[in-house]
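In: Sequence isn't available, so here's the structure alone:
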């Protein structure tokens, strides 16, 4: 019977000196965990790794005092997938959520997301498959996408960053193989319009540019931006207002005919369901950005996908926030619309396997068992430091 | 200029061996903080205390690594209420929330709530007033309620607890001076109806009994309970379904004519606003249970009250969850409908000042400056241990 024999937890810095409309990331860290199993391969135990997505840090107390003890105290028989002689991430999730109150989804959703990532990594390694392959086999009759659409999220505000620097940044993304780029907006509409023109002079067409307000607009500002943005036919207009202000999102749809995107700051199936119920989003064009690593992990993300299906939404409308390998596996294995990517920032956690280039705005996945951390050398060095 | 000179943080056990429909509280703790100011009274610094409300524990990482460092790193001039020569909790809140992303309200809302409580305690002590008096003076033209309605929340499931034990518990609440009692429901409708009859044989009338499902029902079960409960004319029917399932709450209102209550697991103004927008609650009879200590503190609670006012809801419809002195001060100072009380459990954090009895279901407040922790001896012993 497969067992968890230890869980190691630690904190690692994130390399970033950027800010968007709301956030300075320079003081942030990431929680990292290693779930050690009793399965031995090539003389070494199978270990699953996890880390938290950017933006919600300092989960150490929740992990050490609340969630890890629950998993370690569980009867191992209650965590097992007996049919497959493996661990069962769904059962582990139920164990983690035992004694939790409903509602109020934030932070603990990140702590559980970290552990869920490590559990899926271990489960796929024990099954000797890349996670994307395991997911396709279990949930999609074996059909996996060979490559995943990725876009380059950048265009952050830096002190002293001028239009020339912005253009150079965008050109760099094209040179890396990206076909769609994203920039932050919200400091000032006139200034942002100048920034659009600068970026469009590099990327060519509006449909290759997405913009992200990070939830900062009130309704009048959102509508003013919507009117100014409409002629550009952008790839998407992201998170105009507060992520929980579904009424604003719904009203905005009356003023903006092109694609909108939101959801990165909704951390549960219930919150995602409220967006679908009340946000006025359009299943034929809008995009959903729920990030499993912030939102109780893949077990909960499967519930969210089921909720979407029941409401007439295709998984193809999902392009998760976060730019990490976990969502890239889910995108390939479950047929999402793509995945975010932050070239060069949030290192070593952001980005995908070493040596796999972006081609025509798409990326392939490695064949390594698990999430593929071992194929990302600098990340693996940080994660494996937990048990050396 | 008033300054914060130190913030101490620790963890204390909560004495409880109870469970409700979802939760076993026996492993939970409470974070405690002491905000030390440079104001000296009677030879000792003025210190504000805070703790977190029951149910969401292990905030230590968020406090130590994310929020306390922000407050200590701030320019003291940015935290000052210059007009009153005091600290300004609103400015401190803005400092605490700097660099936070919108949405996803949980856990960090508790960590900020702990600090907000300590800041208000310090501010009221510096102003030499009980907090309820300070709030009445600042926000209600000096009008404070002399006494606050409180109800006895109990009726938990214990292993081996029979109807005789339940009746004895309820009789104990009446003997303590309470006029309304609350019991948990949800294990089984037939069994719960027997429990109602037992409790009603003690308390007399349905309007003296509230019931709490702790969010566990799906819609068919909630409706079945609503039909069975309706003839009793209960004080309220609390949290029938998932706290974020506003559609369930709204539908339930079509099946239940009497008072409903919810909100203890919504942790921000935005979440509270969604309940008001979509939950179908009725401002003439239903009750709102938002708990400031779980929800970014009093600064955010003031925003929630303003949102309620703008939507035609009186503050009198609010009876906060949590059973702590902070909400009792708010109830008296801002004219809420009352406050929860858990006689004898969640000690030493639950309950109010020593030596002030409940009379006819109401309690008075002490005249001590601040929240009144010094008037609750066992709690003060725990809180003051942070700086001894």
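Out: Cool, the structure landed. Everything numeric here is computed off the predicted structure, so don't read it as measured data.
In: where are the low-confidence patches of chain A?
Out: Filtered on pLDDT under 70, chain A yields the residue ranges A:15-23.
In: elements contacting the longest strand seen in it?
Out: Among the elements of chain A assigned as strand by DSSP state E, the one spanning the most residues is strand A:29-41. On a contact count with 3 or more CB pairs under 8 Å, 6 or more residues apart in numbering or on different chains; DSSP states H and E, strand A:29-41 meets strand A:4-13, strand A:44-51, helix A:108-126, helix A:377-384. From N, CA and C alone the C-beta is placed, and that goes for glycine too.
In: Find the one among these with the highest mean neighbour count.
Out: The highest average neighbour count among the helices and strands packed on strand A:29-41, using mean count of other CB atoms under 10 Å in any protein chain shown, belongs to helix A:108-126 at a mean of 28.
In: counting contacts, what elements does that one pack onto?
Out: Under the contact criterion of 3+ CB pairs under 8 Å, 6+ apart, helix A:108-126 touches strand A:29-41, strand A:44-51, strand A:86-87, helix A:89-97, helix A:131-139, helix A:297-310.
In: Now these in CSV, please, with extra columns for distance to residue B:388.
Out: Formatted as CSV, these follow (distance: least, CB to CB, whole Å):
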stretch, distance to residue B:388
strand A:29-41, 32
strand A:44-51, 39
strand A:86-87, 46
helix A:89-97, 36
helix A:131-139, 51
helix A:297-310, 42
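In: about what we covered before: what about the helices and strands packed on strand A:29-41, which gets the closest to residue B:306?
Out: Closest approach to residue B:306 among the helices and strands packed on strand A:29-41 is made by helix A:108-126 (28.0 Å; CB to CB).
In: which residue sits closest to residue A:212 in space, ignoring its chain neighbours?
Out: residue A:238 (4.1 Å; CB to CB, 6 or more residues apart in numbering or on different chains).
In: Contact partners for the one you found?
Out: Going by CB atoms under 8 Å, 6 or more residues apart in numbering or on different chains, residue A:238 touches A:182, A:210, A:211, A:212, A:213, A:214, A:260, A:261, A:262, A:287, A:289.
In: Of these, which is the nearest to residue A:118?
Out: residue A:289 (22.9 Å).
In: hmm, back to that, quick one: which of the contacts of residue A:238 has the most company?
Out: Using other CB atoms under 10 Å in any protein chain shown as the neighbour test, the contacts of residue A:238 are led by residue A:262, with 29 neighbours.
In: strand partners of the longest strand of chain A, parallel vs antiparallel please.
Out: Counting by DSSP bridges, the strands paired with strand A:29-41 are strand A:4-13 (antiparallel), strand A:44-51 (antiparallel).
In: Need the contact partners of the first one.
Out: Contact partners of strand A:4-13, identified using CB under 8 Å, 6+ apart, comprise A:29-38, A:45, A:51, A:58, A:60, A:63-64, A:68, A:71-72, A:76, A:79, A:87, A:115, A:118, A:349, A:382, A:385-387, B:65.
In: Show the buried residues in those residues.
Out: Neighbour counting with 16 or more other CB atoms under 10 Å in any protein chain shown marks A:29-37, A:51, A:58, A:60, A:63-64, A:68, A:71, A:79, A:87, A:115, A:118, A:349, A:382, A:386, B:65 as buried within the contacts of strand A:4-13.
In: Make sure residue A:364 is actually in contact with residue A:147.
Out: Yes: counting by CB atoms under 8 Å, residue A:147 is a contact partner of residue A:364 at 5.0 Å.
In: show me the contacts for residue A:164.
Out: Listed by CB under 8 Å, 6+ apart, residue A:164 has no contact partners.
In: Make sure it is indeed in a helix.
Out: Yes: per DSSP: H, G, I helix; E, B strand; the rest coil, residue A:164 lies within a helix segment.
In: about what we covered before: return the two entries of the contacts of residue A:238 that lie farthest from one another.
Out: Longest span within the contacts of residue A:238, CB to CB: A:214 and A:287, 15.4 Å.
In: all helices of the stretch 101-250 of chain A, in order?
Out: Assigned by DSSP state H, counting those that start in this stretch, the stretch 101-250 of chain A shows helices spanning A:108-126, A:131-139, A:163-176, A:189-203, A:219-229, A:246-252.
In: hang on, residue A:66 is in a helix, isn't it?
Out: Yes: counting by three-state DSSP, one finds residue A:66 located in a helix.
In: and the residue lying closest to it once chain neighbours are set aside, what is it in contact with?
Out: For residue A:66, ignoring the flanking residues on the chain, the nearest one in space by CB to CB, 6+ apart is residue B:58 at 4.1 Å. Each residue near residue B:58 by CB under 8 Å, 6+ apart is listed here: A:61, A:62, A:64, A:65, A:66, B:11, B:29, B:31.
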